[in-house]
Every structure is written in structure tokens, then in C-alpha cells.
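Participant: Just the structure for this:
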Amino acid sequence: MMEGVIKWVLYLLVFATSYPVGIWLKKVCSDEVKSWESRLKGMIVISIVLIGVILFLDFAYKVEVVLSLLYVILVNLVVLRKK
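Facilitator: Residues are numbered from 1 along each chain as shown. The predicted structure is shown next:
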């Protein structure tokens, strides 16, 4: 019981880092973001498709893989955000 709670708290902490990491990447790699915009959008689409496929599969690390892909999506969305 407690192990499951600790695991989900760690997942939330990792997701909380996606916003600062995205801001940092946008600041450090501003030139690359402009030239890689279509590739980053492609990574978002591919990650969404992979999540859809993975949800129908049955293997041991499904949750971890889906959460990793969600992290990639969140970081890319922050990097691509216009502001």
C-alpha cells in the first residue's frame, strides 16, 4: 500500500519537473527550437499514437512507459509554447 503511494508521489514529482525543464530547454536552445519545430510536433504526435497503442497491450511496465511518453509530450509542449 505505502509503496504504491510513494511510487505515485515520485511520478508526480517527475511530472512537476517537466515545466521547468521545458522552460530551460527553450531558453538554452532557442535557435534549435525554431528549426526543429516540426520535428518536435512530430514527436508529440508519435508519442500520443504510441500511448494509444500501448494502452491496448499487456506488459509489465505499461504505466512507466506511458508516463515517460507523457513527460516527453509535456516538455515538448512547453518548449513549443509561444510567448
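
Participant: Show me the strands in the chain, by range?
Facilitator: Here the chain has no strands by DSSP state E.

Participant: pretty sure Ser47 contacts Leu74?
Facilitator: No - using Cβ atoms under 8 Å, Ser47 is not in contact with Leu74, being 9.9 Å away. Just so you know, the C-beta spots here come from the backbone N, C-alpha and C atoms, and that holds for glycine as well.

Participant: can you count the residues close to the closest residue to Leu69 other than its chain neighbours?
Facilitator: Once flanking residues are discounted, Leu69 sits nearest to Ser47: 4.4 Å by Cβ to Cβ, 6 or more residues apart in numbering. Residues lying near Ser47 (other Cβ atoms under 10 Å) number 19.

Participant: again, but for Lys82
Facilitator: Neighbour tally, Lys82, other Cβ under 10 Å: 3.

Participant: And Leu69, by the same measure?
Facilitator: 19.

Participant: Next one: it relative to Lys27, how far apart?
Facilitator: Using Cβ to Cβ, to the nearest Å, Leu69 is found at 24 Å from Lys27.

Participant: what do you get for Val66?
Facilitator: 28 Å.

Participant: Return, as residue ranges, the portions of this protein with sub-threshold pLDDT.
Facilitator: Along the chain, the model assigns pLDDT under 70 to residues 83.
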